[in-house]
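[1] Fold the stuff below for me.
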Amino acid sequence: MVRRYSFRYRSQHPEMYPEVCGICKPQRRFSAPSHKAQHDEMKYRPIQQQRFYDHSMHLTHSGVFYPSSSSSVTTITASDLNTFVMKEIEPDTEYNKSCKEVVDQLCQFMQHDFPNELRPSEIIKGGSLGKGTAVKWKSDVDLVVFLVRFDSILELHQAIKDILDGMISSLNSKKDLTVERTNAHAVKVSLSCHAGHTHKVDILPRVNVLGTSVNLLRTETKRKIYTTMGAQSPSLREYYSAALAPLQISFVSDVPTKVKTLIRLVKYWRKTCFEESTRRKRLPSSYLLELITIGEWEDAGGSVNFDLMKGFLHVLLAIADYKRLKHAWNTNYDPKQYTRSYSCYVMDPANPFNNVMEPCDCWDLVESKARQFLHMSEFNGLSISSGWI
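    Coordinates of the predicted model:
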């Protein structure tokens, strides 16, 4: 016989027990915030615990490595966090200047040395460098190349193989650059930086579907673009995401500086706790982590004076409880029209057909790592039921 206050009874009556522990498996539910707070303090009071793993290279059954790092976020304390972020994560002026120079040189090369049929009308700098969320030594760049010759996505799609082959032929003549590979949409290159490291750069040939400055775009213009996308096949829709990069850049770039710092910390956690290339697995993208962080910060009230460690705690809690994620924005479209088929989602604010959660195929692994990390000594003295301030 099921007792009245059993886990099963509580899960079947969420309206009576609205408070949920984001860490327990199965989830525990509580009728009042004070009851959940008491549970959190008793069960998850931070304790000194053995570090994550030995930081020698460790291969899991899924093929994911935990790389050795002398500057791991798993070894810092709450009191040292701001210093750690400033020294290890935040790009300094010299780093930014150096990276900007080599990326600008590549853009100039494409503008002046590409053959006429591949000549750009404009190059948009995306990725973490373009959005202002770059992590020192671990930054990535997306260069969206709007081509003069092409006027439609369909025309670009039909010629994409020849376009990519032509780009590779030209790029192979540039010094300090190595063409790594291509996929169906981009040429991937490694670019040597004056700061002593290598950038991974995706060069994506596209059509300028927006046609004007993001700040001048009318709602009706964007509505027409999304209507056109809705009538396209899924394979053609994929070409629009990069073409809408100016909207993505504008969305992320506009958040306060401290939110960008938190984004860098979350991305650093991902980049140092997982090998970037898992071969058989796809981790959450940097863009997804940016959006989760922004969404959680907004849901917490959007204060610009939040505590960085508390913010980190709550973003990790959201990642650990990923099945409850529901983030969408009405900046460019009405999300209600596009989220009905998803049980959980983080929608691209620039592309209503892109649930950014979907490409990740190892959420169970990511959830496990986040839950483990929540027990690290970094969170000593923090209450899980506390807010961000």
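[2] if I pick the residue lying closest to residue 148 once chain neighbours are set aside, what's in contact with it?
    With sequence-adjacent residues excluded and distances taken as Cβ to Cβ, 6 or more residues apart in numbering, residue 148 is closest to residue 121, at 4.5 Å. To be clear about C-beta, it is placed using only N, CA and C from the backbone, and glycine gets the same treatment. Neighbour list for residue 121: 146, 147, 148, 208 [criterion: Cβ atoms under 8 Å, 6 or more residues apart in numbering].
[3] dump the residue contacts of the second one.
    With contact set as Cβ under 8 Å, 6+ apart, residue 147 has these partners: 118, 119, 120, 121, 156, 163, 205, 206, 207.
[4] Is it correct that residue 178 falls within a strand?
    Yes. Checked against DSSP: H, G, I helix; E, B strand; the rest coil, residue 178 lies within a strand.
[5] List phi and psi for the closest residue to it other than its chain neighbours.
    Leaving aside its chain neighbours, residue 178 sits nearest to residue 190 (4.5 Å; criterion: Cβ to Cβ, 6+ apart). Main-chain torsions, residue 190, degrees, to the nearest 10: phi -110, psi 130.
[6] So residue 190 sits against residue 201, correct?
    Yes. Residue 190 is in contact with residue 201 according to Cβ atoms under 8 Å; the separation is 7.4 Å.
[7] report the longest helix in this protein, please.
    Counting residues, the longest helix found in the chain (DSSP state H) is helix 93-113.
[8] Provide the strand pairings for the helix or strand following that helix, with the direction of each partner.
    Once the chain leaves helix 93-113, the next helix or strand it forms, by DSSP states H and E, is strand 120-126. In the sheet containing strand 120-126, its partner strands are strand 140-147 (antiparallel), by DSSP bridges.
[9] Could you look up the next helix or strand downstream of the strand it pairs with?
    Next along the chain from strand 140-147, counting by DSSP H and E, comes helix 153-171.
[10] List the contacts of residue 363.
    Taking Cβ under 8 Å, 6+ apart, we find residue 363 in contact with 322, 357.
[11] repeat that with 6 Å
    Shown in contact with residue 363 (Cβ atoms under 6 Å, 6 or more residues apart in numbering): residue 322.
[12] Quick check: the gap between it and residue 288.
    11 Å (Cβ to Cβ, to the nearest Å).
[13] do residue 266 as well
    For residue 266 relative to residue 288 (Cβ to Cβ), the value is 10 Å.
[14] Which one's more surrounded, these two?
    residue 266 (25 against 22; other Cβ atoms under 10 Å).
[15] List the residues that contact the more buried one.
    Contacts of residue 266 by Cβ under 6 Å, 6+ apart are 289, 293, 315.
[16] try it again with 8 Å
    289, 292, 293, 312, 315, 316 are the contacts of residue 266 under Cβ under 8 Å, 6+ apart.
[17] element containing the second one, please.
    What it means is residue 292. Residue 292 is part of helix 286-299 when elements are defined by DSSP H and E.
[18] Remind me what that helix packs against, helices and strands.
    Where contact means 3 or more Cβ pairs under 8 Å, 6 or more residues apart in numbering; DSSP states H and E, helix 286-299 is packed against helix 127-131, helix 245-253, helix 257-273, helix 308-320, strand 326-327, strand 345-348.
[19] so what does the second one touch, helix or strand wise?
    In this case it means helix 245-253. Contacts defined by 3+ Cβ pairs under 8 Å, 6+ apart place helix 245-253 against strand 120-126, helix 127-131, helix 286-299.
[20] got the contact list for it?
    124, 126, 130-133, 142, 144, 210, 214-215, 217, 222, 263, 287, 290, 294, 329, 331-332, 348-350.
[21] burial count for residue 77?
    Residue 77: 12 neighbours (other Cβ under 10 Å).
[22] Chain neighbours aside, what residue packs nearest to it?
    The spatial neighbour of residue 77 that comes closest, neighbours along the chain excluded (Cβ to Cβ, 6+ apart), is residue 378 at 6.4 Å.
[23] can you pull the pLDDT of the closest residue in space to residue 96 that isn't next to it in sequence?
    Nearest in space to residue 96, with sequence neighbours left out and distances taken as Cβ to Cβ, 6+ apart, is residue 134 at 7.8 Å. The confidence metric pLDDT takes the value 93 at residue 134.
[24] Likewise for residue 41?
    Here the pLDDT value assigned to residue 41 is 51.
[25] can you check residue 246 too?
    If you check residue 246, the pLDDT there is 94.
[26] Check residue 363 too.
    96.
[27] do you know how far it is from residue 105?
    Going from residue 363 to residue 105 by Cβ to Cβ gives 39 Å.
[28] ok, and the closest non-adjacent residue to residue 255?
    residue 294 (5.7 Å).
[29] burial of that neighbour, as a residue count?
    Residue 294 - counted by other Cβ under 10 Å - has 24 other residues nearby.
[30] any common contacting residues for residue 363 and residue 288?
    Common contact partners of residue 363 and residue 288 (Cβ under 8 Å, 6+ apart): residue 357.
[31] what residue ranges in the chain are flagged as low confidence?
    In the predicted model of the chain, residues 1-13, 15, 17, 21-28, 30, 33-72, 194-196, 215-216, 275-279 satisfy pLDDT under 70.
[32] what residues are up against residue 107?
    Residues counted as contacts of residue 107 (Cβ under 8 Å, 6+ apart) are 123, 125, 143.
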